[in-house]
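K.L.:
Everything below, folded, please.
(4 chains)
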Number of protein chains: 2
Amino acid sequence: MLNSLKENFAHIFEEALIDEILEVGTLKEIKEGEKLIEIGDYVRSMPLLISGAIKILREDDNGDELLLYFLERGDTCAMTLTCCLGQTRSEIRAIAELDTTIIMIPIQKMEEWTGKYKSWRNFVFQSYHARLTEMLETIDSIAFYNMDERLVKYLQNKQKITNDSIINSTHQEIAYELHTSRVVVSRLLKKLESLGKIELYRNSIKIISL
Amino acid sequence: MLNSLKENFAHIFEEALIDEILEVGTLKEIKEGEKLIEIGDYVRSMPLLISGAIKILREDDNGDELLLYFLERGDTCAMTLTCCLGQTRSEIRAIAELDTTIIMIPIQKMEEWTGKYKSWRNFVFQSYHARLTEMLETIDSIAFYNMDERLVKYLQNKQKITNDSIINSTHQEIAYELHTSRVVVSRLLKKLESLGKIELYRNSIKIISL
DNA sequence: GTTTAATTGTAACTTTTGTTACTGCCAAAA
DNA sequence: TTTTGGCAGTAACAAAAGTTACAATTAAAC
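P.N.:
Here you go, the predicted model:
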């Protein structure tokens, strides 16, 4: 744990804090597709992302989903922060997008460290800032862009997160995350293919240039 | 300033903090429609809302707007918080929805107080939580609801904020904030009127029951 | 009082998105 | 091998939202 922690957080956290994290944190491996947090859950520990990626989803009353953003190496879940402190239930669902490693911090420490370590405070504030910014980008996407542009953004994002120009998703899965229908996704993907920007295969999409 | 501060924040902040706020904060009156923050601005002080309401808007590359949420009495601007700390430019525009009174806190104090006062930390975290929640509601609206439902929510919200069942807005103004066209707003408002839920006048809308 | 500009109402039309239905294809299971 | 179920392609249609155009009304400016 020490190495992975230092690699990702040494330049952010002061040494005493690193030591404390090592003391109370527990390492957790999550397989791709595994659920970390469900809507309505009480959250009792806070994740620090060491490797992999986690997707954060919102759901409406009908069970329809919408992808909000991804968490990556060095990130933490701002929603969890506030849930912990405010003792409220989770508003979102968190699912591992890739095989992921996290360090779990008990929430009691949260409160303690925000008083004690300036580097921790900065980290927490920066996390909030990053998440707010990503939420704004999500809002931009759905408010200001058409579905074809949203789809392109989605594919670009996915490529960046997985670091792979082949995306292993079905049209239906993409449709869920963009909150549209499979037929619409198929239609738009076909158009991108005819423009030579992607190639379509069963269960996967190869990105040529977007 | 002392009275208005105590009225709104006495139950949140410890006394020593109240004293400090009185020392360094400056009272500011803002007229309805006046702009507080423009997109791209560097923000050098943080507002505590004493009375009135402020609307927070997002804009896209074409200059199209979208209402994100309102700030009310007892709120602060989470965006500003992160802008101050991170030294980044504002992602949003803030305009007084009503005549509004705020206390401006210099940003240097922010950092100091988060280390010093637990009540301040809690206030800041709660603000973040509230704003994230409101952003989620905004996302829900635009992702999961049709324009007719969004319009109803908008009117309800406006009624709540202004505490007045008469809304003094033109259809064009509403269209801007919902990021749609005037014709669409007129159409949907007319439908609501024919259902007996509102009454339409020039420059104003009377809410009967929504 | 007349002119001007802003506001609202409405029709007709287009575009975008969503829905239904059916097809062929492929891969895993029986 | 045959069957089954999931996946993708496509047409035809429906609904929602956006656009253009113009008329009628009201308020403000001259």
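
K.L.:
Can you pull the domain assignment for chain A?
P.N.:
When chain A is parsed with automatic domain parsing, its domains come out as A:2-143, A:146-207.

K.L.:
Please see if the first one touches chain B.
P.N.:
Yes: among the residues of domain A:2-143, A:58, A:60-62, A:64, A:66, A:68, A:78-79, A:81-82, A:85-86, A:88, A:91-92, A:114-115, A:118, A:121-122, A:125-126, A:128-129, A:131-133, A:135-136, A:138-140, A:142-143 lie within reach of chain B under CB under 8 Å from any CB of the partner chain. The C-beta positions use only the backbone N, C-alpha and C, and glycine is treated the same way.

K.L.:
Please state the offset of the helix or strand bottoming out on mean pLDDT in chain A from the chain centre?
P.N.:
The helix or strand of chain A with the poorest confidence is helix A:78-86; it has a mean of 76 (mean pLDDT, DSSP states H and E). Centroid separation for helix A:78-86 versus its chain: 16 Å, with CA atoms, centre = their mean, to the nearest Å.

K.L.:
before we move on, what about stretch A:71-85?
P.N.:
With CA atoms, centre = their mean as the basis, stretch A:71-85 stands 10 Å off its chain's centre.

K.L.:
That one: end-to-end distance?
P.N.:
End-to-end span of stretch A:71-85 (CA to CA, to the nearest Å): 20 Å.

K.L.:
Now A:K28: which helix or strand?
P.N.:
A:K28 belongs to strand A:26-30 when elements are defined using DSSP states H and E.

K.L.:
which residues touch that strand?
P.N.:
With CB atoms under 8 Å, 6 or more residues apart in numbering or on different chains as the test, strand A:26-30 has contacts from A:1, A:4, A:36, A:47, A:50, A:52, A:54, A:96, A:99-104.

K.L.:
Any chance of CSV for those, columns neighbour count and secondary structure?
P.N.:
CSV is the format used below for the contacts of strand A:26-30 (neighbours: other CB atoms under 10 Å in any protein chain shown; DSSP: H, G, I helix; E, B strand; the rest coil):
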residue, neighbour count, secondary structure
A:M1, 13, coil
A:S4, 15, helix
A:L36, 22, strand
A:P47, 24, strand
A:I50, 21, strand
A:G52, 20, coil
A:I54, 24, strand
A:A96, 21, strand
A:D99, 14, coil
A:T100, 24, strand
A:T101, 19, strand
A:I102, 26, strand
A:I103, 23, strand
A:M104, 16, strand
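
K.L.:
ok so, going back, kindly supply the PyMOL command isolating those of the residues of domain A:2-143 next to chain B that are buried.
P.N.:
With 16 or more other CB atoms under 10 Å in any protein chain shown as the criterion, this PyMOL line picks the buried residues out of the residues of domain A:2-143 next to chain B:
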select buried, chain A and resi 58+66+68+78+79+81+82+85+91+92+114+121+122+125+126+128+129+131+132+133+135+136+138+139+140+142+143
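
K.L.:
Can you pick out the ones from the residues of domain A:2-143 next to chain B that are in helices?
P.N.:
Within the residues of domain A:2-143 next to chain B, residues falling in helices by DSSP state H are A:78-79, A:81-82, A:85-86, A:114-115, A:118, A:121-122, A:125-126, A:128-129, A:131-133, A:135-136, A:138-140, A:142-143.

K.L.:
quick one: the closest residue to A:T133 other than its chain neighbours from A:S204, how far?
P.N.:
Once flanking residues are discounted, A:T133 sits nearest to B:E91: 6.6 Å by CB to CB, 6 or more residues apart in numbering or on different chains. From B:E91 across to A:S204, the span is 35 Å (CB to CB, to the nearest Å).
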